[in-house]
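> Provided below are the primary sequence and the corresponding predicted coordinates.
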Amino acid sequence: AQTVTQSQPEMSVQEAETVTLSCTYDTSESDYYLFWYKQPPSRQMILVIRQEAYKQQNATENRFSVNFQKAAKSFSLKISDSQLGDAAMYFCVTSGGGADGLTFGKGTHLIIQP
Amino acid sequence: DGGITQSPKYLFRKEGQNVTLSCEQNLNHDAMYWYRQDPGQGLRLIYYSQIVNDFQKGDIAEGYSVSREKKESFPLTVTSAQKNPTAFYLCASSNSGLNQPQHFGDGTRLSIL
């Protein structure tokens, strides 16, 4: 079984500043992927970034980057130059080696202060 | 445009009634999934299907049923056995193969009358 823990129910950051969202996970799989999904008020679920567990290099997508610490089972998301449109619920997600869907954390509500 | 269409956007169920949520995709994805989201929670997997005419139970399948008669369609029925059906339901699809990212529909909000 897989578990995902997001210890920050809510985070607030000033526009244009940098914020880091924390995530830890537990899995018995040797081959897995990690994702961050974003859910804005529209409730649509949007993929932000993906990390292959076998890759040591941290994934980066424009202003979004991750700090993947495999031994510590930690997978944090850094958002640089925060924008108002980044305001959303952010979910840390794992997938295992099989095809049985994704395991979600409970989410972090990110507030952007203008 | 390719995507996933869920309907209806809002649905109301009377006590003892079965209701069916629609999910259609034109992304040519083999795999489809149903998730439930409760307030302040992440998504939990209800059912998933990797190929036509085959599907598997997820973590919270009790009180739900699905069918996969066509590649494009994966309807979810919320039966009267589901005692707490009020939630937001999301359908997703992905390519086959390990760890493909999932694409989500816009969701259906189900409430009890």
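Thanks, I have it.

> ok, the closest residue to chain A within chain B - how many residues close by?
In chain B, the residue that lies nearest chain A is B:Gly42 (3.0 Å; Cβ to the nearest Cβ). In this view, the C-beta of every residue, glycine as well, is placed from N, C-alpha and C. When neighbours are counted by other Cβ atoms under 10 Å in any protein chain shown, B:Gly42 registers 21.

> do a quick rundown of the strands in chain A.
All strands of chain A, identified by DSSP state E, fall at A:3-5, A:10-14, A:19-21, A:24-26, A:33-39, A:46-52, A:60-61, A:64-69, A:74-79, A:88-95, A:102-104, A:108-113.

> about what we covered before: spatially nearest residue to the residue of chain B closest to chain A, not counting backbone neighbours?
Of all residues not flanking B:Gly42 in the chain, A:Phe104 sits nearest, at 3.0 Å (Cβ to Cβ, 6 or more residues apart in numbering or on different chains).

> that neighbour - how many residues pack around it?
Neighbours of A:Phe104 (other Cβ under 10 Å): 22.

> partner residues bridging the closest residue to chain B within chain A?
Nearest to chain B, among the residues of chain A, is A:Phe104, at 3.0 Å (Cβ to the nearest Cβ). In this entry, A:Phe104 is beta-bridged to A:Val93, by DSSP bridges.

> who's in contact with it?
A:Phe104 sits next to A:4, A:37, A:91-93, B:42-44 when contact means Cβ atoms under 8 Å, 6 or more residues apart in numbering or on different chains.

> can you check B:Cys91 too?
So B:Cys91 contacts B:4, B:6, B:21, B:23, B:25, B:32-35, B:74, B:76, B:104-105, B:107 (Cβ under 8 Å, 6+ apart).

> closest to A:Glu15 among those?
Checking the contacts of B:Cys91 against A:Glu15 with Cβ to Cβ, the nearest one is B:Phe104 at 27.2 Å.

> doesn't B:Gly3 make contact with the closest one?
No - with contact defined as Cβ atoms under 8 Å, B:Phe104 does not reach B:Gly3; the gap is 9.6 Å.
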